[in-house]
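Colleague: I would like the atomic coordinates for the input below:
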Amino acid sequence: MTDDTLADFERTEFTADGRSAPVYRIGTGPAVVVMSEMPGITPKVADFARTVAGIGCTAIVPHLFGVDGKDPSAASLGLLGTAATFSRAMVPACISREFTILATGKSSRIVVWLRALAAYEHERCGGPGVGAIGMCFTGGFALAMAADDRLLAPVLSQPSLPFAVSASRARSIDISAADLDIVKNRCAAGDVKVLGLRFQGDWMCPPARFEFLREQLGDAFVSVELPDSAFNPDALGTPHSVVTEGLIDEPGQPTRQALDQVLELFRSRLLETD
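Modeller: Sure, this is the predicted structure:
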């Protein structure tokens, strides 16, 4: 691919909790906050947002890290260029106090800003509530955002924080105990279902993390765990990103079926209100 100019998105600035950053919007209808994976709003992340807009929602894509629209693939940059692109996004994020990298039982500070963004977009876009998807580094943010009752459709795609450097960190996700209790109560009341996506061999999102979520959320946690063979062979790296880099966008492909489940969750919770 080549860099994406994001020219079809509306770009504005959003400020809350002392943080101001660009936000890209496309589509009309209820809001879905699309939180990019590392190294940022890549062309594949932008394409996912366009797909969300195509079902009748407004895709809201906040800048969290990296260079917006940059194609990180080795084909365009070479291996060293790809490594540099990831490093320029990862290193500042890892040392920022906005992100919880290793700690267990703690929501990342950026979630406060994201909840404010979701509340603003709900007011602006209307509808019964808001959807959200986090990917990789941001995967758990969608769960922590669900402590706000405006969040009706959270999707956790290969959630990778905290880094699974120990058994206790593998059996956890970046959400505080207080936020988790709220989400558990919402799940028990039938107010929210949580969709999780991962590849079976993904060491960055280990199986113990989904086991933990099943224990905590019960039947309200719907897990989609794909065989590694379903990963796009043309993608960079090992099986990880489900609905972006690893997607094979063809009928019958497991990754396409996973994407369809994500879209159906957004439709059923945000668009089908009868």
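
Colleague: name the residues that touch stretch 114-131?
Modeller: Here stretch 114-131 makes contact (Cβ atoms under 8 Å, 6 or more residues apart in numbering) with 14, 16-17, 23, 28-33, 35, 57-58, 60, 62, 132, 141, 145, 147-155, 265-266, 269-271, 273. For every residue, glycine as well, the C-beta is placed using N, CA and C.

Colleague: so of those residues, which ones are in strands?
Modeller: If you go by DSSP state E, these have 14, 16, 23, 31-33, 35, 58, 60, 62, 132, 151-155 in strands.

Colleague: how deep is residue 123 tucked in, by neighbour count?
Modeller: Neighbour count for residue 123, taken as other Cβ atoms under 10 Å: 10.

Colleague: which of the three states applies to it?
Modeller: Secondary structure assignment for residue 123 (DSSP: H, G, I helix; E, B strand; the rest coil): helix.

Colleague: distance check, it against residue 129.
Modeller: 11 Å (Cβ to Cβ, to the nearest Å).

Colleague: could you work out the most separated pair of the ones in strands among the contacts of stretch 114-131?
Modeller: Pairwise distances across those peak at 22.4 Å for 16 and 155 (criterion: Cβ to Cβ).

Colleague: could you check which of those two has the larger neighbour count?
Modeller: residue 155 (29 against 15).

Colleague: excluding chain neighbours, what is closest to that one?
Modeller: Of all residues not flanking residue 155 in the chain, residue 133 sits nearest, at 4.0 Å (Cβ to Cβ, 6 or more residues apart in numbering).

Colleague: cool, residue 160 as well?
Modeller: Counting by Cβ to Cβ, 6+ apart, residue 204 is the residue found nearest to residue 160 once chain neighbours are left out, at 4.4 Å.

Colleague: what does residue 268 give?
Modeller: Leaving aside its sequence neighbours, residue 268 sits nearest to residue 153 (Cβ to Cβ, 6+ apart; 8.0 Å).

Colleague: likewise residue 22?
Modeller: Here the nearest residue to residue 22 in space, its sequence neighbours aside, is residue 63; by Cβ to Cβ, 6+ apart that works out to 4.3 Å.

Colleague: quick check: residue 219 vs residue 132, distance?
Modeller: Computed with Cβ to Cβ, the distance linking residue 219 and residue 132 is 21 Å.

Colleague: apologies, that question was intended for residue 206.
Modeller: Distance, residue 206 to residue 132, by Cβ to Cβ: 22 Å.

Colleague: those two - which one has more neighbours?
Modeller: Comparing residue 206 with residue 132 by other Cβ under 10 Å, the one with more neighbours is residue 132, at 30 against 18.

Colleague: partner residues bridging that one?
Modeller: Counting by DSSP bridges, residue 132 forms beta bridges with residue 33, residue 154.

Colleague: from memory it sits against residue 140, does it?
Modeller: No - applying Cβ atoms under 8 Å, one finds residue 132 not in contact with residue 140, separated by 11.1 Å.

Colleague: so where's the protein uncertain?
Modeller: Within the chain, the segments meeting pLDDT under 70 span 1, 74-97, 101-103, 273-274.

Colleague: let's see it at 90
Modeller: 1-2, 38, 72-108, 236-237, 272-274 (pLDDT under 90).

Colleague: quick one: the strands in it?
Modeller: With strands called from DSSP E, the chain shows them at 10-16, 19-26, 31-35, 58-62, 130-135, 151-157, 194-199, 221-226.

Colleague: could you dump those strands to CSV with distance to residue 252?
Modeller: Below are these laid out as CSV (distance: least, Cβ to Cβ, whole Å):
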stretch, distance to residue 252
strand 10-16, 35
strand 19-26, 28
strand 31-35, 25
strand 58-62, 25
strand 130-135, 23
strand 151-157, 20
strand 194-199, 18
strand 221-226, 13
